[in-house]
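> A structural model of the following input is requested.
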Amino acid sequence: MSDGREGSRFFYHRVAKVNRREHAVERYVKLAELAGGQIGNALRCQIPSGDPPPRFDPYPPFILLAPLRRRRRQIAL
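So this is what the prediction gives:
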């Protein structure tokens, strides 16, 4: 991808032009097209409705954590 880091672009034979502000799906679609894949207009990602799954019990209350999600710096343990 055109925004490759740490010198990785020196090892590419071809570069997919991407915008680092685009969604990851859009970026990887461009990479697939560069590799010869044909992406039609019917490409869709189904988004869940947000309804709780069957037999979901909201008690006791819980918090879902996603550690390491888009962290800015390494955390020493």
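
> Any stretches of this protein with poor pLDDT?
42-47, 66-77 (pLDDT under 70).

> Taking the centroid of it, which residue is nearest it?
Nearest residue to the geometric centre of the chain (Cα atoms, centre = their mean): Ala24, 3.9 Å.

> In contact with that residue, which residues are there?
Not one residue lies near Ala24 by Cβ atoms under 8 Å, 6 or more residues apart in numbering. (C-beta placed from N, C-alpha, C; glycine too.)

> Relative to Val18, how far out is it?
Separation of Ala24 from Val18 (Cβ to Cβ, to the nearest Å) stands at 10 Å.

> ok, now Gln38?
The gap separating Gln38 from Val18 is 18 Å, by Cβ to Cβ.

> Excluding sequence neighbours, find me the nearest residue to Tyr12.
With sequence-adjacent residues excluded and distances taken as Cβ to Cβ, 6 or more residues apart in numbering, Tyr12 is closest to Gly4, at 7.1 Å.

> Can you get me a residue count around the one you found?
Look at Gly4: counted by other Cβ atoms under 10 Å, it has 14 neighbours.

> got it, and the one 5 residues further on?
For Arg9, the neighbour count with other Cβ under 10 Å is 12.

> pretty sure it is touching Ala16, no?
No - using Cβ atoms under 8 Å, Arg9 makes no contact with Ala16, being 10.9 Å away.

> Overlap of the contact sets of these two?
In contact with both Arg9 and Ala16: Ser2, using Cβ under 8 Å, 6+ apart.

> The residue nearest to Leu34 when sequence neighbours are not counted and Ile39, how far apart?
Leaving aside its sequence neighbours, Leu34 sits nearest to Ala16 (Cβ to Cβ, 6+ apart; 4.3 Å). For Ala16, the distance to Ile39 equals 12 Å [Cβ to Cβ].

> Which one's more surrounded, these two?
Ala16 (18 against 10).

> so who does that one touch?
Ala16 touches 1-2, 27, 30-31, 33-34, counting by Cβ under 8 Å, 6+ apart.
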